[in-house]
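> Show me how the following folds:
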Amino acid sequence: MNASRAMAMWESVRVLRQAFGEQQAIVRHVHTLAAGAVCSPSDTPTAFAVDLDPAPGPLLTLRRNLFSTLFQSTYHVLEVAPERRILYGSINYLFRIWVTSADNLLDQEDKVTLPIRMPGQSRVMRQVVAIMAADRILEHMLNTAVLEGHITREESAVLSKGSLQVLLPSAAQEATEEGGITNRPRPEYVLDTIHRLKTGMLFQLPFMGPERIEHDVDRSKMKVLKNALMAFGLGCQILDDIRDMARDHRERRHNYILSCLQWSADPYTRTLDKRQPEVEERLHTEVPHVVLPAARLAMARLCEGLTALSREGLNIRNTAINTMAGVLFDSLDLADIKYAL
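Alright, predicted model coming up:
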């Protein structure tokens, strides 16, 4: 099945289709608020003006919003009121801006979260402005939700405080890698500890609001959903590690595959140390004996997460689970591995 048909299978699930529609509305709304915030004073010389690209179209595709759509679907399953669903989803989009902008700064990348237009190259400053804009958007959204009676002033304060607190464990993990790691821990530790903090917890951010201010939500169902998204997130991180082997080796970052090589005393480790590959090299094709078992583990975690979500209310056909999980391989340009499993 080609990638476009596999992606269409995500939209065929009723709850996901509804969640995607809400997510698109959320992106448009956040973009509108950002345009009002990221706007230079009228007397600014044209050469130094800063604003937002008025067309959010490229940010509205399902491929760009796959995780966010999955997150939004959990609010449907938990029967959260529509107004609060939109508020939580909007905060999720701000989490995306904060986390991606921070990653851009740490990894010298330029993934777009807010299409900010600035003079010069401005890769770093765009991330800084995006983070500052997201803070102001959060304040505006919370104040509006209070004025419209969707949350109380006390609940607004809880959400504001929690939006930073829940990011701190993942931020602390990222901080340990800033100068590069000096040794590679066992692969089990990378997967069960490092990656749970690095990525798994980011897949539990959607529950920040419901956990703190929803009183009638089904707590046992929410726990199952949290575990499901944790499994799904870890599957995604394993695939990231496969794709990023060269980058993580060169920049001395934690990587499940590189730890597997190190702790199995694979001679390929010495080859890498001598060769010092460029970050864009696709090293996974050179060690299929390690990569394929890792890819199978990733697929198992992705399917585990989708199956649990399906049981709790997404109602995904059993025959569609593997195909939907395979979309993640396609999105990371790892289709060759998917077909080798």
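> Could you point out which residue ranges in this protein have low pLDDT?
Where the chain drops to pLDDT under 70, the residues are 1-2.
> rerun that using 50 as the cut-off
Residue ranges of the chain with pLDDT under 50: none are present.
> and it, what are its domains?
The chain breaks down into these structural domains: 1-165, 178-341 (assignment by automatic domain parsing).
> now those domains as JSON lines including mean neighbour count and distance to Ala171?
Where you see a C-beta, it was placed from the backbone N, CA and C, and this is true even at glycine. Converted to JSON lines, these look like this (neighbours: other C-beta atoms under 10 Å; distance: least, C-beta to C-beta, whole Å):
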{"stretch": "domain 1-165", "mean neighbour count": "17", "distance to Ala171": "8"}
{"stretch": "domain 178-341", "mean neighbour count": "18", "distance to Ala171": "9"}
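> closest to Ala172 out of those?
Comparing these against Ala172 with C-beta to C-beta, the closest turns out to be domain 178-341 (7.4 Å).
> Let's have the domains of the chain in a markdown table, adding distance to Ala172.
Converted to a markdown table, the domains of the chain look like this (distance: least, C-beta to C-beta, whole Å):
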| stretch | distance to Ala172 |
| --- | --- |
| domain 1-165 | 12 |
| domain 178-341 | 7 |
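> Thr304 in helix, strand or coil?
I think there's a mix-up here, since residue 304 is Glu and not Thr. Glu304 falls in the helix class when you classify it by DSSP: H, G, I helix; E, B strand; the rest coil.
> from what I can see it touches Ala231, true?
Yes. With contact defined as C-beta atoms under 8 Å, Glu304 reaches Ala231; the gap is 4.5 Å.
> For the stretch 1-150 of the chain, just list every one of the helices.
Under the criterion DSSP state H, counting those that start in this stretch, the stretch 1-150 of the chain carries helices at the ranges 3-11, 14-37, 66-77, 82-107, 123-147.
> Can you tell me which of the ones you listed is nearest to Val224?
helix 66-77 (9.5 Å).
> now the angle from the closest one to helix 82-107?
Helix 66-77 and helix 82-107 meet at an angle of 150 degrees, taking axes from the mean of the first three to the mean of the last three C-alpha atoms, to 10 degrees as the criterion.
> quick one, helix 66-77 and helix 14-37 angle?
Between helix 66-77 and helix 14-37, the angle comes out at 120 degrees (the same axes, to 10 degrees).
> and helix 66-77, what other elements does it pack with?
Contact partners of helix 66-77 among helices and strands, from 3 or more C-beta pairs under 8 Å, 6 or more residues apart in numbering; DSSP states H and E: helix 14-37, helix 82-107, helix 219-243, helix 288-309.
> Tabulate these (TSV), appending distance to Tyr339.
Below are the helices and strands packed on helix 66-77 laid out as TSV (distance: least, C-beta to C-beta, whole Å):
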stretch	distance to Tyr339
helix 14-37	25
helix 82-107	29
helix 219-243	14
helix 288-309	11
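> how about those helices, which one is nearest Ser4?
Each of these was scored for nearness to Ser4 using C-beta to C-beta, and the closest is helix 14-37 (15.5 Å).
> and the closest one, what other elements does it pack with?
Using 3+ C-beta pairs under 8 Å, 6+ apart as the contact criterion, the secondary-structure elements in contact with helix 14-37 are helix 3-11, strand 51-52, helix 66-77, helix 82-107, helix 123-147.
> Next one: the closest residue to Leu33 other than its chain neighbours relative to Asn143, how far apart?
Counting by C-beta to C-beta, 6 or more residues apart in numbering, Ile137 is the residue found nearest to Leu33 once chain neighbours are left out, at 4.8 Å. In this structure, Ile137 and Asn143 are separated by 11 Å, where distance is defined by C-beta to C-beta, to the nearest Å.
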